[in-house]
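K.L.:
Generate a structure from the sequence data that follows.
(chains A and B)
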Amino acid sequence: MKKKLPKVLAIVGPTATGKSDLAVEVALLYDGEIISADSRQVYKGMDIGTGKITVSEMKGIPHYLLDVIEPKKVFDVELFKTKAEKTIADIVSREKLPIVAGGTGFYIDALISGEIFPDVPANKKLRAILAKKSAEALMKEITKLDPRRAKALDPFNKVRIIRAIEIARALGSVPMVKRVKRYETLFIGLTLDSVKLREKIHIRLLKRIDVGMIKEISNLHKKGLSWKRLHDLGLEYRYVALYLQKKITKEEMVTQLEQEIAHYAKRQMQWFKRNTDIKWFAPGENKKIAREVKKFLKN
RNA sequence: GGCCACGUAGAAAAGUGGUAAUUCGCUCCUCUGCAAAAGGAGCAUGCGCGAGUUCGAUUCUCGCCGUGGCCU
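P.N.:
Alright, predicted model coming up:
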């Protein structure tokens, strides 16, 4: 007999659909605890711009993987996976329901599918050197090191090629992907049509500006976060940084940012679409969702 | 009423007597450690409308319509 895998609930979907609130509601109903799967909410001090849940909104439900690292440092999937696995084990040991909620599809998939990444840490120096080379030159190098891996790479995507070279240099070649399934998972997806989503994004953005988002970001810079880093952090951090540097007007910031957030939501959907296990709902269909969760927990 | 300029994809905008750059947008897509990141593909048989010149016009000529400006 196979040992039964622990049950995990995953709440996914694009930005601005209300994942956090739903997660809390379900947690209250089924004795759950929440693991955030958001690549930006892990950073301390990035609250308004990331739409991080507030303590009062948590309604007493424990939340994990928020504020785990300084924004100067770089977080990544592997770190996420390690921490999340540990957290889930802990929650399960206390016989509570782990709820993974967030919009970073890559993180969620890595965790749930149990994808094992090659044990090669990021090599900043090497990356900096390789980044100066052309995509063509990089492709030549990876083809020499590992032709199999090279074939699967996008020949124009330097970021990907560089990582492949990084691994190949350390290990001789890039190992095949391994996956070890650790959980039995129910995927609940929250989504909206693009027009309504756009509206929500608009309203939410104005609200964020209203409650001090610009101040938050200018403080981050004052405390030593470079413009470059803020740019890399993306979306609100990128565009507010541009505004603070007076490279764009406030009006431009709002319109461009809104557009970018909408694009981001699209990219998120693009990612989630591939996962056919996701059961999709509209925000507000909480009863239907609760029923689905109940069914999942029963068998 | 007269004169002048302009009229190119959803938007902005280049261009040529030989069959339409570019940017944004839109659609679709990729993903083995930065994923709010990085990257790829497609989207005007058509250049205001009609006629003429020409082997051939979006590009030249004429007329019409529209827009903007100037003049009386």
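K.L.:
give me every residue that touches the residue of chain A found nearest RNA strand B.
P.N.:
Of all residues in chain A, A:G234 sits closest to RNA strand B, at 1.9 Å by CB to the nearest atom of the strand. Where C-beta positions appear, they are placed from N, C-alpha and C, glycine not excepted. Applying CB atoms under 8 Å, 6 or more residues apart in numbering to A:G234 gives the contacts A:40, A:264.
K.L.:
I'd say A:L97 and A:L297 touch.
P.N.:
Yes: taking contacts as CB atoms under 8 Å, A:L97 lies within contact range of A:L297: 7.2 Å.
K.L.:
returning to that earlier point: next one: the residue of chain A closest to RNA strand B from A:K59, what distance?
P.N.:
Using CB to CB, to the nearest Å, one gets 29 Å for the distance from A:G234 to A:K59.
K.L.:
next one: A:L5
P.N.:
Counting by CB to CB, the separation of A:L5 from A:K59 is 29 Å.
K.L.:
swap in A:F106?
P.N.:
As judged by CB to CB, A:F106 and A:K59 stand 29 Å apart.
K.L.:
Run the chain-centre distance for the longest helix seen in chain A.
P.N.:
Scanning chain A for the longest helix, with DSSP state H as the assignment, gives helix A:250-273. Its chain's average C-alpha position is 15 Å from that of helix A:250-273, according to CA atoms, centre = their mean, to the nearest Å.
K.L.:
got a list of what the residue nearest the centre of chain A touches?
P.N.:
The centroid of chain A falls nearest to A:T104 when counting by CA atoms, centre = their mean (2.3 Å). Taking CB under 8 Å, 6+ apart as the criterion, A:T104 is in contact with A:37-39, A:80.
K.L.:
Show me which pair in those is furthest apart.
P.N.:
For the contacts of A:T104, with distances taken as CB to CB, the pair at the greatest spread is A:D38 and A:F80 (9.5 Å).
K.L.:
between these two, which one's more packed in?
P.N.:
Set side by side, A:D38 and A:F80 give different neighbour counts by other CB atoms under 10 Å, the larger being at A:F80 (25 against 22).
K.L.:
Can you pull the phi/psi pair for the residue of chain A closest to RNA strand B?
P.N.:
Per-residue torsions, A:G234: phi 80, psi 180 (degrees, to the nearest 10).
K.L.:
next one: A:F187
P.N.:
Main-chain dihedrals, A:F187, degrees, to the nearest 10: phi -100, psi 120.
K.L.:
Spatially nearest residue to it, not counting backbone neighbours?
P.N.:
Distances taken as CB to CB, 6 or more residues apart in numbering put A:I278 closest to A:F187, at 4.1 Å, once the chain neighbours are dropped.
K.L.:
how many other residues sit next to A:K124?
P.N.:
Burial of A:K124 is recorded as 9 neighbouring residues (other CB under 10 Å).
K.L.:
Correction: the previous question concerned A:R94.
P.N.:
The local packing of A:R94 (other CB under 10 Å) involves 8 other residues.
K.L.:
near RNA strand B, which residues of the stretch 51-200 of chain A?
P.N.:
Within the stretch 51-200 of chain A, the positions adjacent to RNA strand B are A:51, A:74-79, A:103-107, A:115, A:117-122, A:127, A:131, A:149, A:152, A:154, A:156-160, A:162-164, A:167, A:174-177, A:194 by CB under 7 Å from any atom of the strand.
K.L.:
Weed out the non-buried ones from those.
P.N.:
With neighbours counted using 16 or more other CB atoms under 10 Å, those contain these buried positions: A:51, A:75, A:77-79, A:103-105, A:107, A:115, A:118, A:120, A:149, A:158, A:160, A:162-164, A:167, A:174-175.
K.L.:
Give me the subset of those that lies in helices.
P.N.:
Using DSSP H to define helices, the subset of those located there is A:77-79, A:105, A:107, A:149, A:158, A:160, A:162-164, A:167.
K.L.:
Now render the residues you listed as JSON lines, adding pLDDT and distance to A:A27.
P.N.:
Written out in JSON lines, the entries for those read as follows (pLDDT from 0 to 100; distance: CB to CB, whole Å):
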{"residue": "A:V77", "pLDDT": "96", "distance to A:A27": "24"}
{"residue": "A:E78", "pLDDT": "95", "distance to A:A27": "26"}
{"residue": "A:L79", "pLDDT": "96", "distance to A:A27": "24"}
{"residue": "A:G105", "pLDDT": "97", "distance to A:A27": "21"}
{"residue": "A:Y107", "pLDDT": "97", "distance to A:A27": "19"}
{"residue": "A:R149", "pLDDT": "94", "distance to A:A27": "41"}
{"residue": "A:K158", "pLDDT": "94", "distance to A:A27": "41"}
{"residue": "A:R160", "pLDDT": "95", "distance to A:A27": "36"}
{"residue": "A:I162", "pLDDT": "96", "distance to A:A27": "40"}
{"residue": "A:R163", "pLDDT": "95", "distance to A:A27": "35"}
{"residue": "A:A164", "pLDDT": "95", "distance to A:A27": "39"}
{"residue": "A:I167", "pLDDT": "95", "distance to A:A27": "38"}
